[in-house]
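# with the input below, show me the fold.
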Amino acid sequence: MFSCAALFVGGLAGVAVGKGHDGLPLPGYGAAVVDAAHRQVFVSGGSGGQGIAVAELSHRERAGNRHRLIEGQPGAHGMVLSEDGRTLFVALSAADAVSAIDTATLKETARYPVAGGKEHVCPTHIARTGTLLWIGYGCEAWEGGIARVDTAAGKPELELDQHGSAVRFERAPALTATGTVLVASQPHLSPTRLLAYTVGGDKTLTLAKDERRGGSNLNDLALTPDGTRLLTAAGSEDRVLGFTTPALGDNGAWYTRHSPVAVAPSPDGTLVAVGVRTGGHKGKEVSVYQLSGGEPKWAAGLPSHERLLDRGLVWLPDQSALVAVTVRDDDPAPRLRFLKPGHDGGPEWPIPVS
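Numbering: from 1, shown residues only. Predicted coordinates:
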């Protein structure tokens, strides 16, 4: 039974089933999350959307483009799974809340509001450490910040202003977190500002390092699974850059030729996938390197007229393939593609995710 702050709202989130062209039934893109246990990919529609598309994970070529749509999710943007994978937490930028969705039934089971009832907060990006959710929020100029939701609390709600009184964000900061490390940065500003925090036993953030480095116009950032290295994809650079955490010292680089828009370390921390919109290293949009560096271990191109989106790379948990989120020409509907070693550029590859 849920508390008053986490009311059962399953009636707000219906599930529609559809079958159509490669594009998902979304007006834009917020984030993608792979749910290994249920063999599915969640894709949110971004600030202008009202739902989350759910695509089955299948390696079958031309699997029918079948999808499901979780409705009633205003401005669904950032998403993260719970530690046990049973719940998908979604930042609802147009509802000033975070929703909780059962990954088996695809029904919304709870919605966490902003503490004190504050409105026009725009929760946008989300990361998780244990049972704590960290949310990058902010609608208006210089009103951005980091909020916290303690999902283990009796009354979970968004507690604002967790980032420290000395820190100001222009709008909702992008976040990445693992273990006891959280890194925040403001996308698309020059120069890039990286803020490394540690998560204490008292569930509070302590700012460990604040550096203006890593180029400008940040498109994506990610921590390695062990939390010891930060990877950034910035529009001003021709490579993904690596930094130690929380000290933010230089720690590697992975060449992309053009401005990188996406970076994804593998689940075991040995590989890093980097991507550009079009025509990257050796003509391929996505390259996979050993985390230790060197030449790409493998690379893959995208279908003609498609381009990779910001934050558009996600690994399958077994590391057998990547899911790439793309758009085609002027159609804003996101598309999903499998990228796998040895299968790039053929007529049936990269294959659509059904």
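
# pull up the gap between the closest residue to Gly249 other than its chain neighbours and Glu119, please.
Nearest in space to Gly249, with sequence neighbours left out and distances taken as Cβ to Cβ, 6 or more residues apart in numbering, is Phe243 at 6.4 Å. Heads up, the C-betas are built off the backbone N, CA and C, glycines and all. Applying Cβ to Cβ, to the nearest Å, the value for Phe243 to Glu119 is 36 Å.

# in terms of neighbours, single out the busier of those two.
Phe243 (24 against 9; other Cβ atoms under 10 Å).

# so that one is in which element?
Element membership for Phe243 (DSSP states H and E) is strand 239-244.

# strands along the stretch 101-250 of the chain, start to end?
For the stretch 101-250 of the chain, the strands defined by DSSP state E, counting those that start in this stretch cover 108-113, 123-129, 132-137, 145-150, 174-178, 181-185, 193-199, 205-212, 218-223, 229-234, 239-244, 250-255.

# tell me what the fifth one is packed against?
Strand 174-178 sits against strand 123-129, strand 132-137, strand 181-185, strand 218-223, with contacts defined as 3 or more Cβ pairs under 8 Å, 6 or more residues apart in numbering; DSSP states H and E.

# TSV for those, including distance to Val314?
Below are these laid out as TSV (distance: least, Cβ to Cβ, whole Å):
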stretch	distance to Val314
strand 123-129	15
strand 132-137	19
strand 181-185	19
strand 218-223	10
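
# relative to Thr109, which of those strands is closest?
Proximity to Thr109 (Cβ to Cβ) singles out strand 132-137 among these, at 14.8 Å.

# counting by contacts, list what the closest one packs against.
By 3+ Cβ pairs under 8 Å, 6+ apart, strand 132-137 packs against strand 76-81, strand 87-92, strand 123-129, strand 145-150, strand 174-178.

# now tabulate those strands in JSON lines and tack on distance to Gln319 and mean pLDDT.
Converted to JSON lines, those look like this (distance: least, Cβ to Cβ, whole Å; pLDDT from 0 to 100):
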{"stretch": "strand 76-81", "distance to Gln319": "17", "mean pLDDT": "98"}
{"stretch": "strand 87-92", "distance to Gln319": "22", "mean pLDDT": "98"}
{"stretch": "strand 123-129", "distance to Gln319": "21", "mean pLDDT": "98"}
{"stretch": "strand 145-150", "distance to Gln319": "30", "mean pLDDT": "98"}
{"stretch": "strand 174-178", "distance to Gln319": "17", "mean pLDDT": "98"}
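
# now the ones you listed in a markdown table, with mean neighbour count and distance to Leu313?
Shown next, in a markdown table, are those (neighbours: other Cβ atoms under 10 Å; distance: least, Cβ to Cβ, whole Å):
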| stretch | mean neighbour count | distance to Leu313 |
| --- | --- | --- |
| strand 76-81 | 24 | 15 |
| strand 87-92 | 25 | 19 |
| strand 123-129 | 24 | 16 |
| strand 145-150 | 23 | 24 |
| strand 174-178 | 23 | 14 |
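
# redo those strands as a markdown table? Include distance to Arg311.
Formatted as a markdown table, the helices and strands packed on strand 132-137 follow (distance: least, Cβ to Cβ, whole Å):
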| stretch | distance to Arg311 |
| --- | --- |
| strand 76-81 | 9 |
| strand 87-92 | 13 |
| strand 123-129 | 9 |
| strand 145-150 | 18 |
| strand 174-178 | 8 |
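
# closest to Ala37 out of these?
Across the helices and strands packed on strand 132-137, closest to Ala37 is strand 76-81 (Cβ to Cβ), at 9.3 Å.

# give me the element the nearest residue to Ala36 once chain neighbours are set aside is part of.
The shortest distance from Ala36 to any non-neighbouring residue, by Cβ to Cβ, 6+ apart, is to Pro317 (4.1 Å). Under the criterion DSSP H and E, no helix or strand holds Pro317.

# hmm, Pro317 is touching Pro267, no?
Yes. The pair formed by Pro317 and Pro267 meets the contact definition of Cβ atoms under 8 Å, at 5.6 Å.

# returning to that earlier point: other SSEs contacting the strand holding Phe243?
Packed next to strand 239-244, using 3+ Cβ pairs under 8 Å, 6+ apart, are strand 229-234, strand 250-255, strand 260-265, strand 271-276.

# apply 6 Å and report the result again.
Based on contacts counted as 3 or more Cβ pairs under 6 Å, 6 or more residues apart in numbering; DSSP states H and E, the elements that strand 239-244 packs against are strand 229-234, strand 250-255.

# that strand pairs with which strands, parallel or anti?
strand 229-234 (antiparallel), strand 250-255 (antiparallel) (DSSP bridges).

# give me the buried positions along it.
239-243 (16 or more other Cβ atoms under 10 Å).

# straight-line length of stretch 209-227, end to end?
Taking Cα to Cα, to the nearest Å, stretch 209-227 runs 15 Å from one end to the other.

# can you give me the buried ones in it?
209, 214-215, 217-224, 227.

# now, the most widely separated pair of those?
Asn217 and Gly227 (25.1 Å).

# ok so, going back, then the strand holding Phe243 to PDB, C-alphas only?
This file holds the C-alpha atoms of strand 239-244, laid out as PDB (Å, rounded to 0.1, in the frame of the first residue of the first chain):
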ATOM      1  CA  ARG A 239      36.900  12.900 -29.200                       C
ATOM      2  CA  VAL A 240      35.200  11.700 -26.000                       C
ATOM      3  CA  LEU A 241      37.200  12.800 -23.000                       C
ATOM      4  CA  GLY A 242      37.900  10.900 -19.700                       C
ATOM      5  CA  PHE A 243      38.400  12.200 -16.200                       C
ATOM      6  CA  THR A 244      39.100  10.700 -12.800                       C
END
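
# kind regards, and thank you for your time.
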